[in-house]
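Novice: let's see this in three dimensions:
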Amino acid sequence: MDQWNFQPPTPSSLGDHDVPLDGDELVGRRVAILVSGSIAAFTTPYLARALRRRGAVVQAFCSGEALRYVSEETLEWATTNPVVTRLGSDAEHLSDANPFDVYLLAPASYNTIGKLAHGIADTVLTATLASALGRMERGEASVLVAPAMHGSMHNSILVANCRHLESIGVRVIPPRDDYGKHNLPREADLVAEVIAARPRPVR
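Specialist: Predicted coordinates:
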């Protein structure tokens, strides 16, 4: 076992918020991570940084329930952007000035999947996703949904909602099933999904 020599770390040219690039597949791309109320929300800062390591500009949108499991400050640090937690006069959910290339709902709770499938836009997440679907239908963006929930919530309604979303062009990412739960896929798998979903050339 190595022993610490009590020396300070080697200086780095990277700033506190910077990440080293592992690839350039998402350089020039804007990715929205929409975080809903699942315990898996605590992993989303790692996901945000993994996307940034491929060059993406990342913006987080968070529900009030999600903030029970991950802090706004942590997501802001991980993305280097303010977290959108409510609908405001700047209309961030419409993102007209800086549109997103990919919208990733991760984790996608049972509740948010149901609202999205039925056109309900009554929260910061669902209103943003309503706009995202419009952009998707015009070929301007991709929408990805990563379900994460307890296995007891896997029922015919969930299946029907996911199948409906797939039928209109949403990519439903298969969950990682362990211990009777639909778990969020690993960061590398979610990043690969985002890379594959790039809808158009860089502007």
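Novice: run through the residues that contact the residue most central in space within the chain.
Specialist: The chain has I33 as the residue nearest its centroid, 2.6 Å off, counting by C-alpha atoms, centre = their mean. Taking C-beta atoms under 8 Å, 6 or more residues apart in numbering as the criterion, I33 is in contact with T44, L47, A48, L51, V58, Q59, A60, F61, T79, L104, A106. C-beta here means a position set from N, CA and C on the backbone, and glycine is covered the same way.
Novice: from those residues, which is closest to G88?
Specialist: Comparing the contacts of I33 against G88 with C-beta to C-beta places F61 closest, at 11.9 Å.
Novice: sticking with the closest one, tell me its helix or strand.
Specialist: strand 57-62 (DSSP states H and E).
Novice: could you pull up the mean pLDDT of that strand?
Specialist: Here strand 57-62 scores 97 as its mean pLDDT.
Novice: ends of stretch 180-195, how far apart?
Specialist: Length of stretch 180-195, first residue to last, C-alpha to C-alpha, to the nearest Å: 29 Å.
Novice: for that stretch, the averaged confidence score.
Specialist: pLDDT averaged over stretch 180-195 gives 95.
Novice: what's in contact with it?
Specialist: For stretch 180-195, contacts defined as C-beta under 8 Å, 6+ apart pick out 25-26, 31, 38, 40, 43, 46-47, 50-51, 54, 56, 102, 104, 106-107, 144, 146-154, 171, 173-177.
Novice: quick one: distance of that stretch to the chain centre.
Specialist: 10 Å (C-alpha atoms, centre = their mean, to the nearest Å).
Novice: show me what the top helix by length along the chain is packed against.
Specialist: Using DSSP state H to define each element, the chain has its longest helix at helix 124-137. Counting contacts by 3 or more C-beta pairs under 8 Å, 6 or more residues apart in numbering; DSSP states H and E, helix 124-137 is packed against strand 30-35, strand 57-62, strand 102-108, helix 110-117, strand 142-147.
Novice: report the buried residues of it.
Specialist: For helix 124-137, the neighbour count (16 or more other C-beta atoms under 10 Å) marks V124, L125, T126, A127, T128, L129, A130, S131, A132, L133, R135, M136 as buried.
Novice: before we move on, back to that, what subset of the contacts of stretch 180-195 is buried?
Specialist: 26, 31, 38, 40, 43, 47, 50-51, 54, 56, 102, 104, 106-107, 144, 146-149, 154, 171, 173, 175.
Novice: just to revisit the earlier point, any idea how far the residue nearest to the centre of the chain is from A50?
Specialist: Look at I33 and A50: by C-beta to C-beta, to the nearest Å, they are 11 Å apart.
Novice: for S167, see how far away V194 is.
Specialist: Counting by C-beta to C-beta, the gap from V194 to S167 is 22 Å.
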